[in-house]
Structures are given as structure tokens and as C-alpha cells.
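Trainee: sequence unavailable; structure follows:
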Ligand code: AR6
């Protein structure tokens, strides 16, 4: 499996699925969630509402899949990262579960390429180094049948951290 690193906007990436750093309501928000809903349009929100009506949103660490609407990607996998609470609330394990569950959904749907943002490191304030180490380690430990995973960093600081950890 190829691991790729990109500095940029995840809504522009053409892959089987892009991952969204959502919240438990699945109804959209700020950050990458806002950008994905704006670019994907009504179809993405309608699918989220359908899932919400069926199962009542999405728990922290879990993931759900929807259409990608007007995005270039085929699907959006929405996962809910933990809000950083000084390491007092099993945040590492919850973040690890986000990546594990996104990989599991990708596997279930036979997806080959997936792009992932730096979950929890924006509004949820998870320390960036620590989050990047968890992201890379988890993806490497749970290979699935994906051919390519693109880590999409939106800020230069995250990009530098990933670049360093991936040994580029
Ligand atoms: N493409 C790629 N990455 C992005 C983009 C983009 N277009 N925009 C922001 N990022 P955040 P969280 C990066 O805050 O911390 C929302 O309101 C950003 O720089 O989007 O998991 C949800 O509804 C950061 O590195 O998500 C939740 O309520 C990373 O994406 C809450 O925020 C994650 O930052 C989730 O907080």
C-alpha cells in the first residue's frame, strides 16, 4: 500500500473516498466538515440525515459512509474524532478507532484509494504530533486492500510533522 502526503484541500482530491472529520450529529460544522458539505452539496447532507434517522448520528471513534455528491471523490466516510481533554478521556484510543473504522468501511466497500485529513487536530485541539503518530501507525498496522492512502494536510505544521514521520 502506498502512503502519499499532500498539502492542500481534501475536497479537490479524486479518490474512492475522502474522510470527513465530522461531529456526532452528522449535520455538518466548521473546518473540513464545513468544506466537505459545501463542496459536496445537498446529497451528502441528505445521506447523513438518513443515517441519523436510522441510527441517531455517529459516536466518537466510529464511522459511516455516504455519497460524495458533487465532490470528485465517489464517497465520503464521516468519522468523529475525540475532543482533546488533556489526555484524560482515552483520546488516543478514540482517535485510533477513527482510523481503524475508516479502513474497515473502505475494506467492506472494496475501495482502493482513500484520502484522510488530520482528524481532531483543528477545532478539537488534539496535539498534532501525537495525532500524526497515531494516524500513521494505525494505517500501517491495518493494511486492508487499499492501494493508496493520501494524508491530506491543510496546514504547513501538520505537513512538516507527517513529512518527518514518514521519513520523506
Ligand atoms: N482540507 C483538508 N483539511 C482541512 C480542510 C480542508 N478543506 N479544512 C480544514 N482542514 P477540523 P476536528 C484540517 O477543525 O479538529 C467541525 O466543526 C484542519 O487544518 O476540521 O476534528 C466538526 O463538525 C485540521 O488539521 O476538525 C466538528 O464539530 C483538520 O482538518 C469539529 O469541527 C481537522 O480540523 C471537528 O474538529
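Mentor: Alright, I've got the coordinates. Since the model is a prediction, treat every value here as computed from it, not as a measurement.
Trainee: and the residue most central in space within the chain, which of the three is it?
Mentor: Centroid-nearest residue in the chain: residue 19, 3.4 Å away (criterion: C-alpha atoms, centre = their mean). The assignment at residue 19 comes out as strand when based on DSSP: H, G, I helix; E, B strand; the rest coil.
Trainee: distance check, it against the ligand.
Mentor: 10 Å (C-beta to the nearest ligand atom, to the nearest Å). C-beta: built from backbone N, CA, C; applies to glycine.
Trainee: so which helix or strand takes in residue 24?
Mentor: Under DSSP states H and E, no helix or strand contains residue 24.
Trainee: so residue 118 sits against residue 154, correct?
Mentor: Yes: between residue 118 and residue 154 a contact is recorded at 7.2 Å, counting by C-beta atoms under 8 Å.
Trainee: what about the lengthiest helix in the chain, near the ligand?
Mentor: For the chain, the longest helix by residue count, based on DSSP state H, is helix 91-108. No: using C-beta under 6 Å from any ligand atom, helix 91-108 never reaches the ligand; the gap is at least 9.0 Å.
Trainee: what's in contact with that helix?
Mentor: Contact with helix 91-108 is made by 16-17, 19, 60-65, 77, 79-85, 114, 116, 119-120, 126, 130-131, 134-135, 138-139, 142, 144-146, as judged by C-beta atoms under 8 Å, 6 or more residues apart in numbering.
Trainee: could you find the closest non-adjacent residue to the residue nearest to the centre of the chain?
Mentor: Leaving aside its chain neighbours, residue 19 sits nearest to residue 116 (4.4 Å; criterion: C-beta to C-beta, 6 or more residues apart in numbering).
Trainee: got the confidence number for the residue nearest to the centre of the chain?
Mentor: As predicted, residue 19 sits at a pLDDT of 99.
Trainee: my guess is it contacts residue 115. True?
Mentor: Yes: taking C-beta under 8 Å as the definition, residue 19 is a contact partner of residue 115 at 6.8 Å.
Trainee: okay, and the common contacts of those two?
Mentor: residue 10.
Trainee: give the buried residues for whichever strand or helix holds residue 6.
Mentor: Using DSSP H and E, residue 6 sits within strand 2-7. Using 16 or more other C-beta atoms under 10 Å as the test for burial, strand 2-7 gives 5-6.
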